[in-house]
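>>> Sequence and predicted structure, then a few things I'm wondering about:
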Amino acid sequence: MSTSFASSVDELGQWRQSIGRRLDEYSRFLTDNDLADPAASEALDALRRNLVGEKLVVAFVAEFSRGKSELINAIFFSDTGRRVLPATPGRTTMCPVELGYEAGEAPALALLPIATRLEGLSLAELRGQPKAWGHIPLDIQSPDQLTEALREVMRTQWVSVDDARALGFWSDDNGEDNPPTNDAGEVEVPAWRHAMINYPHPLLQRGLVVLDTPGLNAIGAEPELTLSLLPAAHAIVFILGADTGVTKSDMTIWRDHLGSPSSSAFVVLNKIDALLDPLATVEHVQAQIEQQRQSTARTLDVASERVFPLSARQALAARIDGDAAGLAQSRLPFLEEALGAQLLPQRREAFQQTVMESAQRMEAQVNRRLGDRRRQMAEQVLELRGLRGKSGAKVRMMLERVQAETAEFEQCTARLQAMRMVHSRMLKNALLDLTSDRLRQEVIEMQNAMTASLLHLGAKKAFIALCGRLRELLEAAQVRGTEIHDMLGASFAKLNAEFGFSLAITPMPDMGRFVNDLTLIQRNYVQYLGLTQALRLSQPKFMEQFRRMLVSKLRVVFENASGEFELWNKTASAQVDSQLRERRRGFRRRREALERIQSAAGDLEQRLAELEAQDAQLQQLQARSTELGNRLKQQAQRELTGVASTSPSGAMPLYAAQA
């Protein structure tokens, strides 16, 4: 049996930590030896934050009573020897629950009251308002206290029909989907809008985030869940009952909230143990399970290899008891292998590419800086060797030449100032279309187009038009970036030829990646703007939530694009400043050496010895830099034993082949 998904996540986290240690080692070396300019240091810090802060989000989606919480317990928390999340019969998870870990924060359950939906603020905005949340400390040393505290996510409250309507749990247009009322005419709704559990589990400390979602009514009532959290998940596990198959409410969740099948969607037929029949043969039961699997695949229009019959309850019990045979009978390892074989290599390859590109850029910059220092030093050595046996007049003449060269070199400042002015103007124009203000204007234009049509029937067309305009803005930034690249390349070539610089322009960021992010947002969100959502969009409160959510999501894309674009330009400017300082320092050292030699003839040989020693030290620094850079790249390229590499075709392993 291959390693579990949990152990694969753990190994991926260890791999990232080992890269982080190599990165810290490399960064300290560059800082201690003054080999990284501020822009390069900023880039290294950004890479480190990305390594540490990147989250791997796995969302579990199901109607209630499908065994969703039990499956989460079986995959991630069986090593605790008990159920971490409540998994009793009936409806347990009443609100979306994020299970993760933030270093430096005490273990706690944070709860957002359901009444905050009436304020019109999104979850993203409320995350930054600690006072809006209730907090329950978690005693991780006391399983009983932990279990009891987490049962709070099950709490409900009774409200009037008007309040239920305002909160999004009652619809006058779809009466058959409304929850039942009690004798007082009240509706039972969740007490909490969202819950976040900060729990120091090893997997969560590695960056895993588990998103546990409630049933259909709660999913549809929270725009941010469907417009942000689910589309942003790296994998979605959709859970059905093996005995019921795809019910009407299951199909509604799949069609309206999960979108078209994607490479990150996995379907689970849970509770296959309920199909066991003492009056039927094992072969007959297996045939029933296989028939249900094929029927589910046809209904959801997914490949049958993505449908996994299993028993979460049996798997959890087997893992707690150390029962390998029971675990195999539960079939949970098949799902874990599929998750590990596809999801984890994708994250690893993304990290690997980022680390390799950053290491190569830093190596190139360090080699340029050290090469420039050694070149200046070699020129000074040749100059000083030429003074051996020369008269004082010769030394004075050399001093005059150095002063003349210094004055000639300082003429480059006017050229640099002109280049900076042109660069600044071009950069300002390029960033103008990537600002939050421009994004907000485009969203307002979309909203106006939506409201101009009856019942927002033109919402889909307006949204697609918005995405088209934003795509044009990103593509225009790419064009302007190319113009900046060409301008800097030509200016650097002239400065190198006329003033002895060794400037080199690095490739500009590819805006195509952000265009792809925008395309993904369009694909995930366009389903919410069809005819079935027209009535909801006509409600001002829902429309405002949708606008806020959309702006928040698009802002991330544009801020990341703007940030990378600006950092690239800052790196180019910092390179000029760094080499300008180095050249001025070199001229000052030459002048000081000649002045010392002029005052004492014995200083010539001493200065030559110093320069040769400094050159040897620079060679050692260059070798050490190359060694540390290679270590970082080798660590990034190291294969993970518990994480399979993605096949060239990207195909999933066949379920039948595993079985």
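Structure received.
>>> Tell me, how many residues neighbour residue 424?
Residues within reach of residue 424, counting by other Cβ atoms under 10 Å, total 12. Where you see a C-beta, it was placed from the backbone N, CA and C, and this is true even at glycine.
>>> so it sits in a helix?
Yes: assigned with DSSP: H, G, I helix; E, B strand; the rest coil, residue 424 falls within a helix.
>>> ok, residue 415 - contacts?
Counting by Cβ atoms under 8 Å, 6 or more residues apart in numbering, residue 415 touches 491, 494, 495, 499.
>>> For it, what is the enclosing helix or strand?
Taking DSSP states H and E as the criterion, residue 415 maps to helix 412-432.
>>> List the buried residues for that helix?
By neighbour count with 16 or more other Cβ atoms under 10 Å, helix 412-432 contains the buried residues 412, 416, 419, 423, 426, 427, 430, 431.
>>> Could you pull up the residues touching the residue nearest to the fifth one when sequence neighbours are not counted?
The spatial neighbour of residue 426 that comes closest, neighbours along the chain excluded (Cβ to Cβ, 6 or more residues apart in numbering), is residue 484 at 5.0 Å. Under the criterion of Cβ under 8 Å, 6+ apart, the contact list for residue 484 reads 423, 426, 427, 430, 508, 569.
>>> pLDDT on the longest helix along the chain, on average?
Longest helix in the chain by number of residues (criterion: DSSP state H): helix 540-599. Averaging pLDDT along helix 540-599 yields 80.
>>> Tell me which helix or strand comes right after that helix.
Later in the chain than helix 540-599, the nearest helix or strand by DSSP H and E is helix 603-637.
>>> Give the other helices and strands that that next one contacts.
Helices and strands touching helix 603-637, by 3 or more Cβ pairs under 8 Å, 6 or more residues apart in numbering; DSSP states H and E, are helix 5-32, helix 332-385, helix 540-599.
>>> Just the buried residues of it, please?
Neighbour counts over helix 603-637 (16+ other Cβ under 10 Å) mark 603-604, 607-608, 611, 614-615, 618, 621-622, 625, 628-629, 632-633, 635-636 as buried.
>>> Repeat that for stretch 480-497.
Buried residues in stretch 480-497, counted by 16+ other Cβ under 10 Å: 480, 481, 484, 485, 488, 491, 492, 495.
>>> And for stretch 99-116?
Result for stretch 99-116 [16+ other Cβ under 10 Å]: buried residues 99, 100, 101, 107, 108, 109, 110, 111, 112, 113, 114, 116.
>>> In CSV: the contacts of residue 484, plus distance to residue 214.
Below are these laid out as CSV (distance: Cβ to Cβ, whole Å):
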residue, distance to residue 214
423, 52
426, 51
427, 47
430, 44
508, 45
569, 46
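>>> a markdown table for the helices and strands packed on helix 603-637, including distance to residue 469 and mean neighbour count?
As requested, these are exported to a markdown table (distance: least, Cβ to Cβ, whole Å; neighbours: other Cβ atoms under 10 Å):
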| stretch | distance to residue 469 | mean neighbour count |
| --- | --- | --- |
| helix 5-32 | 37 | 18 |
| helix 332-385 | 28 | 18 |
| helix 540-599 | 11 | 18 |
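>>> Residue 400 is nearest to which of those helices?
Nearest to residue 400 among these is helix 540-599; the distance by Cβ to Cβ comes to 9.8 Å.
>>> hang on, the earlier thing: so the residue nearest to residue 426, which of the three states?
Applying three-state DSSP: residue 484 is helix.
>>> follow-up on the earlier one: out of the buried residues of stretch 99-116, flag the one nearest to residue 214.
residue 114 (11.8 Å).
>>> related to what we said a few turns ago, quick one: which of the contacts of residue 415 sit in helices?
Of these, the ones assigned to helices by DSSP H are 491, 494, 495, 499.
>>> Buried residues, stretch 501-513. List them.
Neighbour-count burial for stretch 501-513, counted by 16+ other Cβ under 10 Å, picks out 501, 502, 503, 504, 505, 506, 508, 509, 511.
>>> how close does the second one get to residue 375?
Using Cβ to Cβ, to the nearest Å, residue 502 is found at 7 Å from residue 375.
>>> same deal with the fifth one?
Residue 505 is 19 Å from residue 375, where distance means Cβ to Cβ.
>>> again, but for the last one
Taking Cβ to Cβ as the measure, residue 511 falls 36 Å from residue 375.
>>> And for the third one?
Residue 503 sits 13 Å away from residue 375, going by Cβ to Cβ.
>>> ok, now the first one?
Here residue 501 is placed at a distance of 11 Å from residue 375 (Cβ to Cβ).
>>> Contacts only, for the nearest residue to residue 615 once chain neighbours are set aside.
Spatially, and ignoring its direct neighbours in sequence, residue 615 is nearest to residue 377 (5.3 Å; Cβ to Cβ, 6+ apart). The contact partners of residue 377, taken as Cβ under 8 Å, 6+ apart, are 586, 611, 614, 615, 618.
>>> Repeat the analysis, applying 7 Å as the threshold.
Residue 377 makes contacts with 611, 614, 615, as judged by Cβ atoms under 7 Å, 6 or more residues apart in numbering.
>>> Dump the helix holding residue 415 to PDB, keeping only the CA atoms.
Taking Å, rounded to 0.1, in the frame of the first residue of the first chain, the C-alpha atoms of helix 412-432 are listed here in PDB:
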ATOM      1  CA  CYS A 412      27.400  59.300 -16.800                       C
ATOM      2  CA  THR A 413      25.200  60.700 -14.000                       C
ATOM      3  CA  ALA A 414      23.500  63.000 -16.500                       C
ATOM      4  CA  ARG A 415      22.800  60.000 -18.800                       C
ATOM      5  CA  LEU A 416      21.600  58.000 -15.900                       C
ATOM      6  CA  GLN A 417      19.300  60.800 -14.800                       C
ATOM      7  CA  ALA A 418      17.800  61.100 -18.200                       C
ATOM      8  CA  MET A 419      17.300  57.300 -18.400                       C
ATOM      9  CA  ARG A 420      15.700  57.300 -15.000                       C
ATOM     10  CA  MET A 421      13.200  60.000 -16.000                       C
ATOM     11  CA  VAL A 422      12.200  58.100 -19.100                       C
ATOM     12  CA  HIS A 423      12.000  54.800 -17.100                       C
ATOM     13  CA  SER A 424       9.900  56.500 -14.400                       C
ATOM     14  CA  ARG A 425       7.500  57.900 -17.000                       C
ATOM     15  CA  MET A 426       7.100  54.600 -18.900                       C
ATOM     16  CA  LEU A 427       6.700  52.700 -15.600                       C
ATOM     17  CA  LYS A 428       4.000  55.100 -14.400                       C
ATOM     18  CA  ASN A 429       2.100  54.600 -17.700                       C
ATOM     19  CA  ALA A 430       2.400  50.800 -17.500                       C
ATOM     20  CA  LEU A 431       1.100  50.600 -13.900                       C
ATOM     21  CA  LEU A 432      -1.700  53.100 -14.400                       C
END
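>>> how far is stretch 551-571 from where the chain is centred?
A distance of 14 Å separates the centroid of the chain from that of stretch 551-571, by Cα atoms, centre = their mean, to the nearest Å.
>>> try stretch 400-411
With Cα atoms, centre = their mean, you get 50 Å for stretch 400-411.
>>> can you pull the buried residues of that stretch?
Under the neighbour-count criterion of 16+ other Cβ under 10 Å, stretch 400-411 has 402, 406, 409 buried.
>>> ok, now stretch 271-290?
271, 272, 273, 275, 288, 289.
>>> do you know how far residue 608 is from residue 405?
20 Å.
>>> Could you do residue 287 as well?
For residue 287, the distance to residue 405 equals 89 Å [Cβ to Cβ].
>>> give me every residue that touches the closest residue to residue 363 other than its chain neighbours.
Of all residues not flanking residue 363 in the chain, residue 629 sits nearest, at 4.6 Å (Cβ to Cβ, 6+ apart). Residues near residue 629 by Cβ under 7 Å, 6+ apart: 26, 359, 362, 363.
>>> ok so, going back, with respect to residue 233, which of the contacts of residue 484 is nearest?
Residue 233 has its nearest neighbour among the contacts of residue 484 in residue 508, at 30.8 Å by Cβ to Cβ.
>>> Name the nearest residue to the closest one, sequence neighbours excluded.
The shortest distance from residue 508 to any non-neighbouring residue, by Cβ to Cβ, 6+ apart, is to residue 481 (4.5 Å).
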